[in-house]
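Undergrad: sequence plus predicted model, see below.
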Amino acid sequence: MKVPFLDLSLQHCALRQEALAALAATYDATRFCLGKDVEDFERNFAATLGYPRILGMNSGTAPLHVACMIAGFGPGDEVITTPFTFISSAWGISYVGAKPVFVDIDEGTFNLDPARIEAALTPRTKGIIVVHLFGQPARMDEIMAIAKRRGLFVIEDCAQAVGAKFRDTPVGLLGDVGTFSFYPTKNLGACGEGGAFVARGERIHTQARHIRVHGSDRRYYHDIVGGNFRMDGFQGALLNVKLPHLGRWTARRQEIAGRYLAGIQLAEVQLPAQTDYGRSVFHQFTLRHPRRDALREHLARHDVGTDLIYPVPLHLQRCYAGLGQGPGSLPIAERAAATCLSLPIFPELTDAQVDHVIASINKFTG
Ligand SMILES: *Cc1c(COP(=O)(O)O)cnc(C)c1O
């Protein structure tokens with residue numbers, strides 16, 4: 001039996017007719033940039049997931065950039081974030097000329113460790129970018145307590161956590177700004193690039209709405225420096241087709257994760273931590289094993305696709321060598337990068353495929 005790490009074609013084949021009809025309607029109406037499809041999506045997404053208001057943008061990197069502009073981070077400022085994430089979590093900090101400060105993670109959840117944030121604060125610390133990695137909410141209560149005490153601007157990178165809640169609050173509403181990505185491989189994927197921005201406060205929402213269209217409220221009049229962060233109409237149209245299925249897809253991801261958690265019985269394996277403050281939406285199912293590379297080869301021999309997410313923590317990326325956080329400086333993240341292995345977890349996997357992954361893992365003797 002073959003189990004690919006990810007196969008996007010299954011979901012898109014199932015929705016093909018409905019999706020192409022929606023795209024055709026957008027084409028015929030020439031609603032190419034923002035417009036009705038995007039407005040409908042913003043309203044639907046907000047209503048479905050419990051947000052007061054949403055702005056569609058043209059990637060998951062875009063709202064992070066916009067959030068850093070609104071936060072007012074700049075040269076001389078330090079912004080704390082996690083080294084164990086996709087690089088984009090840190091890009092916004094660099095785009096506005098501030099300095100990313102990478103803080104080590106929690107061993108079990110792979111997310112920022114509040115105690116280490118506390119230890120990394122300096123008089124120059126202006127904000128925190130929290131990432132709800134792999135769909136698992138971070139410890140927002142403790143992080144927000146630090147932020148409130150120090151007056152820090154908090155951005156939640158929810159790219160991997162669409163539909164997740166911290167206790168009863170949808171992720172993205174605990175900090176000042178939340179950001180989403182609809183990159184095709186995400187839990188809710190567009191047919192191209194896409195993202196979204198959510199702000200708890202009306203004022204920040206309005207600022208972001210202006211920044212999205214060149215700092216403009218009125219065509220050809222520019223009150224603030226903005227950019228082009230618009231979502232395109234085709235993405236809004238396709239996301240409207242997919243959104244009604246998200247709840248079912250998330251439940252299936254959680255079901256698959258439950259099967260993995262109950263079935264994998266391998267010495268020395270560390271399974272993803274479950275917490276009482278937020279259930280993961282399992283964008284990834286990432287385990288750890290001291291002989292990760294051998295386990296990966298063993299699974300490949302059993303036709304099981306896996307991936308290394310992430311093989312190199314951000315502080316060791318060449319682009320951030322100048323920050324001076326060298327090898328050994330963030331040992332938990334470095335160990336995670338060296339031992340993590342992500343298993344197939346997408347809603348269209350069959351139980352038989354999941355059981356094949358489990359049986360193959362349990363046979364590993366390396
Ligand atoms: C995917 C992702 C992003 C960026 O999204 P793009 O849509 O690729 O720009 C940001 N942060 C995290 C954690 C991601 O996984």
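TA: Arrived safely. Computed from a predicted model, the values in this text were never measured in an experiment. Residues are numbered from 1 along each chain as shown.
Undergrad: quickly list the domain ranges of the protein.
TA: Under the assignment automatic domain parsing, the domains of the chain span 8-244, 246-362.
Undergrad: roughly how far apart are the residue in the stretch 251-366 of the chain that the ligand sits nearest to and Ala119?
TA: Nearest residue of the stretch 251-366 of the chain to the ligand: His283, at 7.5 Å (C-beta to the nearest ligand atom). Using the backbone N, CA and C atoms, a C-beta is placed for each residue, glycine as well. As judged by C-beta to C-beta, to the nearest Å, His283 and Ala119 stand 29 Å apart.
Undergrad: looking at these two, which one has more neighbours?
TA: Neighbours per residue (other C-beta atoms under 10 Å) separate His283 from Ala119, with His283 holding more: 26 against 10.
Undergrad: still on that earlier bit, reformat the domains of the chain as CSV; add mean pLDDT.
TA: Formatted as CSV, those follow (pLDDT from 0 to 100):
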stretch, mean pLDDT
domain 8-244, 98
domain 246-362, 98
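Undergrad: closest to Met1 out of those domains?
TA: domain 246-362 (4.6 Å; C-beta to C-beta).
Undergrad: first vs last residue of that closest one, how far apart are they?
TA: 31 Å (C-alpha to C-alpha, to the nearest Å).
Undergrad: starting at the chain centroid, how far to that domain?
TA: 15 Å (C-alpha atoms, centre = their mean, to the nearest Å).
Undergrad: one more: stretch 140-152?
TA: Using C-alpha atoms, centre = their mean, the offset of stretch 140-152 from its chain centre is 21 Å.
Undergrad: C-alpha coordinates for that stretch, PDB please?
TA: Extracted as PDB, the C-alpha positions of stretch 140-152 are listed here (Å, rounded to 0.1, in the frame of the first residue of the first chain):
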ATOM      1  CA  MET A 140      -1.500  32.400  25.100                       C
ATOM      2  CA  ASP A 141      -2.500  33.100  28.700                       C
ATOM      3  CA  GLU A 142       1.100  33.300  30.000                       C
ATOM      4  CA  ILE A 143       2.300  35.000  26.800                       C
ATOM      5  CA  MET A 144      -0.400  37.700  27.000                       C
ATOM      6  CA  ALA A 145       0.300  38.300  30.700                       C
ATOM      7  CA  ILE A 146       4.000  39.100  29.800                       C
ATOM      8  CA  ALA A 147       2.800  41.300  26.900                       C
ATOM      9  CA  LYS A 148       0.400  43.300  29.000                       C
ATOM     10  CA  ARG A 149       2.900  43.800  31.700                       C
ATOM     11  CA  ARG A 150       5.500  45.100  29.200                       C
ATOM     12  CA  GLY A 151       3.100  46.800  26.700                       C
ATOM     13  CA  LEU A 152       4.200  44.500  23.900                       C
END
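Undergrad: what ranges do the strands span in the protein?
TA: 55-57, 78-81, 99-102, 125-131, 153-157, 165-166, 169-170, 177-181, 195-199, 216-218, 221-222, 285-288, 340-343 (DSSP state E).
Undergrad: look up the closest residue to Ile345, ignoring the ones flanking it.
TA: Excluding its sequence neighbours, the residue lying closest to Ile345 (C-beta to C-beta, 6 or more residues apart in numbering) is Phe285, at 4.3 Å.
Undergrad: now Leu8: closest residue in space that isn't a chain neighbour?
TA: Closest to Leu8 by C-beta to C-beta, 6+ apart is Pro184, at 6.0 Å.
Undergrad: make that Glu193, sorry
TA: Excluding the flanking residues, the one nearest Glu193 by C-beta to C-beta, 6+ apart is Ser59, at 4.7 Å.
Undergrad: same question, Arg252
TA: Distance criterion C-beta to C-beta, 6+ apart; nearest residue to Arg252, sequence neighbours excluded, is Pro347 at 4.0 Å.
Undergrad: this completes my enquiry, with thanks.
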